[in-house]
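> Provided below for reference: sequence and predicted model.
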Amino acid sequence: MSDEVVMLSMLTDGLIRVLGSGLALYPPVGPTIIDIGPFALRWYGLLMAIAIITAAQIASAQVARQGQDPDDFWDMLIWVLIPGFIGARLWYVFIQSPRTEGGIGYYLRNPGEILQVWTGGIHIFGGFLFGAIALWLYCRIRHLPMLQFLDAVCLGLPLAQAIGRWGNFINQELYGPPTTLPWGLRIDAPHRIPPYNDLTQYPDSTRFHPLFLYESLWNVAGFALIFWISRRFKAQLKPGDILLLYLIWYPFGRFFIEFLRTDSWFFPGTPFNVVHVLGAIAVITASILLYRRHQKSAAFLP
C-alpha cells in the first residue's frame, strides 16, 4: 500500500470518528501547544507544517514518476512556499478580512500583524496566485517543465488543504450560519463575528455550520479522485491535466461552500462574492481546456 493511500486512510478514519460521534464539534485543545519565552508553538502552525510535508512528499514522488529529478522539486519548495504564504495572507487581510468591528482597519492600525500567518487567516486563492508566479519564475530560471511541476503540486494540494483546515477548527474560525444539524460547531463568544456575538439572540447553545469540515471532506474526496485518475489514466494524461482537474474540483466545491460564509464581503443585493466569480471562471476555463485537449480521446468522452 502506498504512503499516499495510508495517509488518506488515516485522515478519513479520523473524520468518520468525528462525524459519527453525534456530538457538537468543539476543539479539544486550545490554539497554543506550548509557550517558550516570547515564542509559541501553535496547533495552526503545526497542522500547516504537517500539511506541507505531506503534500511535498506526494509531489516529490509524482515528479520522480514523470522522469524529473525530485531534488529540483525540494529546491523549488522554499521559493514557492514563502511567496505563497505571503499571497495567502495578503488576500485574507485585504479581501477576506473577518467581519469584525475593526475590519480591515484593524490590520492597517496594526501592520505588524498582517504577516502573522501563524495566528490563522490565510486564503488559498492568494496563495495559489503568488505561489504559481513564483513557481513559473523558478522553472523559467532553471529551465524546468513548469506544467509537470504544477501537476505534482496540485496532486498533493487537496490533501494538504484537508489537513490544514483543522487548524481553523482549533482556532474556532471558518464557520457558517446557525444550524440544528448534529455536527453543528460550537463557537465561543470571543470568536464570534456580528451578528452572532449577540448572546441574547444567539446563546451559547447555538451551533454553526462547520465550513472547515465541509471543505476538508471535499478536499479528501478531491485528492482521492485526482490521485486515482493520475494512476488509471496515466498514459492518456498530458502535462497540465492534473492542474486542470484541480482547478475544476476545488473551485466547484468552494463555489457552493461560499454561500454559507459569514465573514465574506458580498456584492450588494446578491449572495455572490469575489470567490464565486473567480471560482466560476476557473471551473469553466479549466473544463473547456481539458475537453479540448482530449476531445478525441475516449478516456475523457462519455
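Sure, I can see it.

> Could you identify the helix or strand that succeeds the lowest-mean-pLDDT helix or strand in the chain?
Among the helical and strand segments of the chain, the one scoring lowest on mean pLDDT, DSSP states H and E is helix 3-20, with a mean of 52. Later in the chain than helix 3-20, the nearest helix or strand by DSSP states H and E is strand 32-36.

> Surely Trp136 touches Leu144?
No: in this structure, Trp136 is not within contact of Leu144 by Cβ atoms under 8 Å, at 10.3 Å. (C-beta placed from N, C-alpha, C; glycine too.)

> Gln241 and Asp151 touch, don't they?
That one is not Gln; residue 241 is Asp. Yes: between Asp241 and Asp151 there is a contact at 7.0 Å, judged by Cβ under 8 Å.

> Looking at the two, which one has more neighbours?
The neighbour comparison of Asp241 against Asp151 (other Cβ atoms under 10 Å) goes to Asp151, with 26 against 23.

> relative to its centroid, which residue of this structure is most remote?
Thr200 (33.7 Å; Cα atoms, centre = their mean).

> and that residue, helix, strand or coil?
coil (DSSP: H, G, I helix; E, B strand; the rest coil).

> Tell me the spacing between it and Gln172.
Distance from Thr200 to Gln172, counting by Cβ to Cβ, to the nearest Å: 20 Å.

> Okay, helices next: where are they in the stretch 51-200 of the chain?
70-94, 104-109, 124-142, 146-170 (DSSP state H, counting those that start in this stretch).

> buried residues in the first one?
Of the residues in helix 70-94, those scored as buried under the neighbour-count criterion (16 or more other Cβ atoms under 10 Å) are 70, 72-73, 76-77, 79-80, 83-93.

> what's the answer for stretch 223-241, then?
So for stretch 223-241, counting by 16+ other Cβ under 10 Å, buried means Phe223, Ala224, Ile226, Phe227, Ile229, Ser230, Leu237, Gly240, Asp241.

> Likewise for stretch 252-268?
Phe252, Gly253, Arg254, Phe255, Ile257, Glu258, Leu260, Arg261, Thr262, Asp263, Ser264.

> pull the CA atoms of it into PDB?
Extracted C-alpha coordinates of stretch 252-268, given in PDB (Å, rounded to 0.1, in the frame of the first residue of the first chain):
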ATOM      1  CA  PHE A 252     -16.500  23.900  -7.800                       C
ATOM      2  CA  GLY A 253     -16.900  22.800  -4.200                       C
ATOM      3  CA  ARG A 254     -15.700  26.100  -2.900                       C
ATOM      4  CA  PHE A 255     -18.300  27.900  -5.000                       C
ATOM      5  CA  PHE A 256     -21.200  26.300  -3.000                       C
ATOM      6  CA  ILE A 257     -19.400  26.500   0.400                       C
ATOM      7  CA  GLU A 258     -19.100  30.200  -0.100                       C
ATOM      8  CA  PHE A 259     -22.800  30.700   0.100                       C
ATOM      9  CA  LEU A 260     -22.500  29.700   3.800                       C
ATOM     10  CA  ARG A 261     -19.600  32.100   4.600                       C
ATOM     11  CA  THR A 262     -20.300  34.600   7.300                       C
ATOM     12  CA  ASP A 263     -17.000  36.500   7.000                       C
ATOM     13  CA  SER A 264     -17.100  37.500   3.400                       C
ATOM     14  CA  TRP A 265     -18.000  40.700   1.600                       C
ATOM     15  CA  PHE A 266     -20.800  40.000  -0.900                       C
ATOM     16  CA  PHE A 267     -21.800  42.100  -3.900                       C
ATOM     17  CA  PRO A 268     -24.600  44.400  -2.700                       C
END
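
> Excluding covalently adjacent residues, which one is nearest to Glu258?
Excluding the flanking residues, the one nearest Glu258 by Cβ to Cβ, 6 or more residues apart in numbering is Val275, at 5.0 Å.
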